[in-house]
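Asks: Sharing a model prediction with you, sequence too.
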Amino acid sequence: MAADSAAFVIDAATVAKWGFEEVGTPPALRLFDAWVEHRIHLMAPDTLVPELGSVCRRKARAGEVTPAHALAVHEALQRVLPPLVPTEDVAESALLLATRHDRPFAEAVHLALAIRESATYVTADERVLRLLAPTFGCVRHLADLALG
């Protein structure tokens, strides 16, 4: 990775699109390709693993995929995840953000990591975008990324 590569913190809503064909999958795959080609730097807090498990469970519970398919996607995605930062590394600042802005702690962990790393917090979750982007300029929707 080049020293001047853009850095992005990604969430489970974004990573899930690497494994499930859905709206937003093409830009998610472009993000993945840019990372694999070392044009950008990706990272995520270690909360990504259980959050991704929750996404897979919801898809199976809703009947969008079989439980076996959800498990296979979860296992495959775990093999290609970017570096995971321990939650404890940003827990204090995340808790401050969560309490000041009345946001769930898991969201605040992603945000705290992005702020600490001067990175862009990329989400495919419209709710997260709507609630955080007006206050935090580092929060961007996956579909709005221009990766070239």
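Replies: Received it, and whenever you're ready, just let me know what you need. Because the structure is a prediction, the values reported are computed rather than measured.

Asks: going forward, measure contacts between C-alpha atoms and count neighbours the same way
Replies: Will do.

Asks: how far away is L29 from V90?
Replies: Distance of L29 to V90, computed by Cα to Cα, to the nearest Å: 27 Å.

Asks: meant to ask about Q78
Replies: 22 Å.

Asks: In terms of neighbours, single out the busier of these two.
Replies: Ranked by neighbour count (other Cα atoms under 10 Å), Q78 and V90 place V90 first, with 20 against 14.

Asks: shouldn't that one be in contact with L113?
Replies: Yes. Using Cα atoms under 8 Å, V90 is in contact with L113, at 6.3 Å.

Asks: name the helices or strands packed onto the helix or strand encompassing E107?
Replies: Element membership of E107 [criterion: DSSP states H and E] is helix 105-116. Judged by 3 or more Cα pairs under 8 Å, 6 or more residues apart in numbering; DSSP states H and E, the packing partners of helix 105-116 are strand 6-10, strand 40-45, helix 91-101, strand 120-123.

Asks: please redo it, this time with the cut-off set to 10 Å
Replies: The contact analysis (3 or more Cα pairs under 10 Å, 6 or more residues apart in numbering; DSSP states H and E) places helix 105-116 against strand 6-10, strand 40-45, helix 48-61, strand 84-85, helix 91-101, strand 120-123, helix 126-132, strand 139-141.

Asks: That one to strand 40-45, inter-axis angle?
Replies: 140 degrees (axes from the mean of the first three to the mean of the last three Cα atoms, to 10 degrees).

Asks: What angle do helix 48-61 and helix 105-116 make with each other?
Replies: Interaxial angle of helix 105-116 relative to helix 48-61 (the same axes, to 10 degrees): 140 degrees.

Asks: Now the helix-or-strand element of the chain with minimal mean pLDDT: buried residues?
Replies: Across the helices and strands of the chain, mean confidence by mean pLDDT, DSSP states H and E is lowest for helix 126-132: a mean of 92. Neighbour-count burial for helix 126-132 flags 128-129, 132 (criterion: 16 or more other Cα atoms under 10 Å).
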